[in-house]
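K.L.:
have a look; sequence and predicted model below, questions after that.
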Amino acid sequence: MKKLLIATRNPGKLFEISNFLSELPVQIVSLKDLNIIDEVKEDGRTYVENSVKKAVFYAKKSGLPTIADDGGIEIDALDGAPGVRSRRYFGKDGKEATDEEIIEAMKHLIKKLPANKLDATFKVVITLALPNGKTFSVDGEVRGILKEPHLKLL
């Protein structure tokens, strides 16, 4: 059976993508399964740049077709921030924020914004990269109103 790498360390994201692809005749593997500890610096100016960069890096590293993504929340009241810089926007001392830190920062932000200023768009780009460097990307977005976030534990 052919393998497909899902390039994330987020267990929730790995579960969701694996579940979505469960009908395909491929064996889903993770970075952890392959003992890949290398990190890719997400320094692109767009979600596409970051998604492609991660997918290509891990496809070449593993020799496997690889799916990676990048996404972020764009808050109207903040003129589209934090956007592609979500981890850096909420990070401290120049470090990228963890999922938990982003959740806490969003909780505080939501409390500070007026109720009529909570419109936002979540955007994501998903890329499939082949080990030869060829890529295929798709994007999507969901428009809505910010509510108190939480981490879904699996």
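P.N.:
Sure, I can see it. Numbers count the residues shown, from 1 in each chain.

K.L.:
pLDDT score for Thr66?
P.N.:
Thr66 carries a pLDDT value of 98.

K.L.:
that one contacts Val52, correct?
P.N.:
No: applying Cβ atoms under 8 Å as the test, Thr66 and Val52 come out as separate, 10.8 Å apart. To be clear about C-beta, it is placed using only N, CA and C from the backbone, and glycine gets the same treatment.

K.L.:
joint contacts of these two?
P.N.:
Ala129 (Cβ atoms under 8 Å, 6 or more residues apart in numbering).

K.L.:
for those two, indicate the residue with more neighbours.
P.N.:
Taking neighbours as other Cβ atoms under 10 Å, Thr66 and Val52 compare with Thr66 leading, 27 against 21.

K.L.:
show me the contacts for the more buried one.
P.N.:
Here Thr66 is in contact with 4-7, 55-56, 58-59, 128-129 (criterion: Cβ under 8 Å, 6+ apart).

K.L.:
which strand residues sit across from it in the sheet?
P.N.:
Leu5, Ala129 (DSSP bridges).

K.L.:
measure it to Asp33 for me?
P.N.:
13 Å (Cβ to Cβ, to the nearest Å).

K.L.:
for Ala81, same thing?
P.N.:
According to Cβ to Cβ, Ala81 and Asp33 sit 35 Å apart.

K.L.:
burial of Gly12, as a residue count?
P.N.:
Neighbouring residues of Gly12 were enumerated by other Cβ under 10 Å; the total is 13.

K.L.:
try Arg85
P.N.:
Arg85: 16 neighbours (other Cβ under 10 Å).

K.L.:
list the beta-bridge partners for the closest residue to it other than its chain neighbours.
P.N.:
Counting by Cβ to Cβ, 6 or more residues apart in numbering, the nearest residue to Arg85 once its immediate chain neighbours are dropped is Gly72, at 7.4 Å. On the basis of DSSP bridges, Gly72 is bridged to Lys123.

K.L.:
for Gly72, report the pLDDT, please.
P.N.:
In this prediction Gly72 is given a pLDDT of 91.

K.L.:
would you mind listing the residues in contact with it?
P.N.:
Going by Cβ under 8 Å, 6+ apart, Gly72 touches 47, 82-86, 122-123.

K.L.:
tell me which two of the residues you listed sit farthest apart.
P.N.:
Arg85 and Phe122 (14.6 Å; Cβ to Cβ).

K.L.:
how about residues contacting stretch 50-62?
P.N.:
Outside stretch 50-62, the residues that touch it by Cβ under 8 Å, 6+ apart are 5, 7, 31, 34, 36, 38, 40, 42-44, 65-70, 84, 125-131, 133, 135, 137.

K.L.:
cool, thanks, talk later.
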